[in-house]
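Chemist: sequence-free structure coming up:
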């Protein structure tokens, strides 16, 4: 039988690489050390940290597990128990599956990729653990027409088991297996933002705040007073006045003779235009993180219609990410159930974020149901087709 293969070539499949296969590079030949830079930006820059945190929370909608095709009620109950135990066991027992998904999403929105490894029990009949893999150590090499994952650790190349290694790359580019981080587009902008903040701090410090300016006019020299005694008396009065001023509380007043004048020196802060400049840079960071200003604590007076449209687009991305998570969870759960006596399968249903206007969504859904029911009653659709029209699995 003839073996078919693609005629097109991958971007990295050069003559040299076919003779001496090396690791597939990141898109645009980005150095792998940039992955560590992304982590630094996430941990050190407030806007970036908040953006990653917000994306994680948006995607953590929760999910429900449905046991289907169970051979008996006993098999169903046993499957439910096995999956509960698996949820508690994975991630080394650290918050179980919820903790594992939190780490997974944090990696996905920081590096543009996330990886997991399935660890089998000693009998190889069940999953002992599922652990996260540091994606900045993961490399891919093309071997025998397939992508073989490796982990580069302490100068050593460790081949990872393809059948038990899960890698998700977000916004992949062509044949490149790695994901693309959202943070790739903002290091230059973040550099300008932090430089602007530093300049603003220096300028504000230099301009200063309102201060008291005290002027002391020495008394006239008394008759018969020597020059040395006069100098000592004036110096003593000046030192006493300075001592009183240095210990003056905020709510205390200064009472002096008319040879002491007190004036206020105002710090000129009105000429600074840092806010508009910083806002322009800030908007570039928000755009690079694919979020809307309100989700990062900014309010630029966006209209309700525009804000609703932005939130709908964000929810589309949430649904895209959660479809990947759904497939991963079903793979893990069904692997756990594969060797169970009796038959059962797991189906994961991801929950969704509530819309801006819950009442409007409910009314629209009610009209969809009414229209589908009318089409069924008039004989245009059968019951199963009407259910599919509403996104309902009639067979389940």
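Modeler: Great, that's in hand. Fair warning: this is a prediction, and the values are worked out from it, not measured in the lab. Numbering: from 1, shown residues only.
Chemist: okay, the most centrally placed residue in the chain: pLDDT?
Modeler: With distances taken as C-alpha atoms, centre = their mean, residue 52 lies nearest the centre of the chain, 1.1 Å away. We have a pLDDT of 93 for residue 52.
Chemist: distance check, residue 244 against residue 256.
Modeler: To residue 256, residue 244 is 9 Å away according to C-beta to C-beta, to the nearest Å. Where C-beta positions appear, they are placed from N, C-alpha and C, glycine not excepted.
Chemist: circling back to that earlier point, which helix or strand contains the residue nearest to the centre of the chain?
Modeler: Element membership for residue 52 (DSSP states H and E) is helix 46-59.
Chemist: so which elements touch that helix?
Modeler: Where contact means 3 or more C-beta pairs under 8 Å, 6 or more residues apart in numbering; DSSP states H and E, helix 46-59 is packed against helix 34-44, helix 96-111, helix 187-207, helix 274-288, helix 304-338.
Chemist: make it 7 Å
Modeler: helix 34-44, helix 96-111, helix 304-338 (3 or more C-beta pairs under 7 Å, 6 or more residues apart in numbering; DSSP states H and E).
Chemist: okay, those in CSV with mean pLDDT, distance to residue 383 and mean neighbour count next?
Modeler: Below are the helices and strands packed on helix 46-59 laid out as CSV (pLDDT from 0 to 100; distance: least, C-beta to C-beta, whole Å; neighbours: other C-beta atoms under 10 Å):
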stretch, mean pLDDT, distance to residue 383, mean neighbour count
helix 34-44, 91, 50, 16
helix 96-111, 95, 36, 21
helix 304-338, 87, 26, 16
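Chemist: between these, which one is closest to residue 277.
Modeler: Comparing these against residue 277 with C-beta to C-beta, the closest turns out to be helix 34-44 (20.6 Å).
Chemist: could you check the angle helix 187-207 makes with the closest one?
Modeler: 40 degrees (axes from the mean of the first three to the mean of the last three C-alpha atoms, to 10 degrees).
Chemist: other SSEs contacting helix 34-44?
Modeler: Judged by 3+ C-beta pairs under 7 Å, 6+ apart, helix 34-44 is in contact with helix 46-59, helix 96-111, helix 187-207.
Chemist: any idea how far residue 371 is from residue 377?
Modeler: From residue 371 across to residue 377, the span is 11 Å (C-beta to C-beta).
Chemist: same check on residue 253?
Modeler: In terms of C-beta to C-beta, residue 253 sits 87 Å off from residue 377.
Chemist: do residue 385 as well
Modeler: For residue 385 relative to residue 377 (C-beta to C-beta), the value is 13 Å.
Chemist: looking at the two, which is more packed in?
Modeler: residue 385 (13 against 10; other C-beta atoms under 10 Å).
Chemist: could you report the neighbour count for residue 227?
Modeler: Other residues close to residue 227 by other C-beta under 10 Å number 8.
Chemist: surely residue 157 is in a helix?
Modeler: No. Using DSSP: H, G, I helix; E, B strand; the rest coil, the assignment for residue 157 is strand, not a helix.
Chemist: residues in contact with the helix holding residue 52?
Modeler: Helix 46-59 has contacts (C-beta atoms under 7 Å, 6 or more residues apart in numbering) with 41-43, 102, 105-106, 109-110, 183, 190, 282, 285, 289, 291, 295-296, 314, 318, 321-322, 353.
Chemist: again, only using 8 Å
Modeler: With contact meaning C-beta atoms under 8 Å, 6 or more residues apart in numbering, helix 46-59 is reached by 41-43, 102, 105-106, 109-110, 182-183, 186, 190, 193, 282, 285-286, 289, 291, 295-297, 314-315, 318, 321-322, 325, 353.
Chemist: ok, the helix or strand just after that helix: who's next to it in the sheet?
Modeler: Scanning forward in sequence from helix 46-59 by DSSP H and E, the next helix or strand is strand 63-68. Strand pairing for strand 63-68, using DSSP bridges, gives strand 345-350 (antiparallel).
Chemist: how about the helix or strand harbouring residue 87: buried residues?
Modeler: Using DSSP H and E, residue 87 maps to helix 73-89. The neighbour-count check on helix 73-89 (16 or more other C-beta atoms under 10 Å) flags 75, 76, 78, 79, 82, 83, 86, 87, 89 as buried.
Chemist: what does that helix rub up against?
Modeler: 65, 67, 70, 96-98, 127-129, 332-333, 336-337, 340-344, 346.
Chemist: can you rerun that using 6 Å?
Modeler: 67, 70, 96, 97, 333, 336, 337, 342, 344 (C-beta atoms under 6 Å, 6 or more residues apart in numbering).
Chemist: for stretch 325-333, same thing?
Modeler: Residues from elsewhere that reach stretch 325-333 (C-beta under 6 Å, 6+ apart): 83, 166, 346, 348, 350.
Chemist: can you name every helix or strand that the helix or strand where residue 149 lies contacts?
Modeler: According to DSSP H and E, residue 149 maps onto strand 146-153. Here strand 146-153 touches strand 138-143, strand 156-159, going by 3 or more C-beta pairs under 6 Å, 6 or more residues apart in numbering; DSSP states H and E.
Chemist: distance-wise, check the spatially closest residue to residue 115 that is not a sequence neighbour relative to residue 321.
Modeler: Distances taken as C-beta to C-beta, 6 or more residues apart in numbering put residue 133 closest to residue 115, at 3.9 Å, once the chain neighbours are dropped. The spacing between residue 133 and residue 321, counted by C-beta to C-beta, is 18 Å.
Chemist: circling back: now the contacts of stretch 325-333 as a markdown table including pLDDT and distance to residue 156?
Modeler: A markdown table is the format used below for these (pLDDT from 0 to 100; distance: C-beta to C-beta, whole Å):
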| residue | pLDDT | distance to residue 156 |
| --- | --- | --- |
| 83 | 94 | 36 |
| 166 | 95 | 22 |
| 346 | 94 | 37 |
| 348 | 95 | 36 |
| 350 | 93 | 38 |
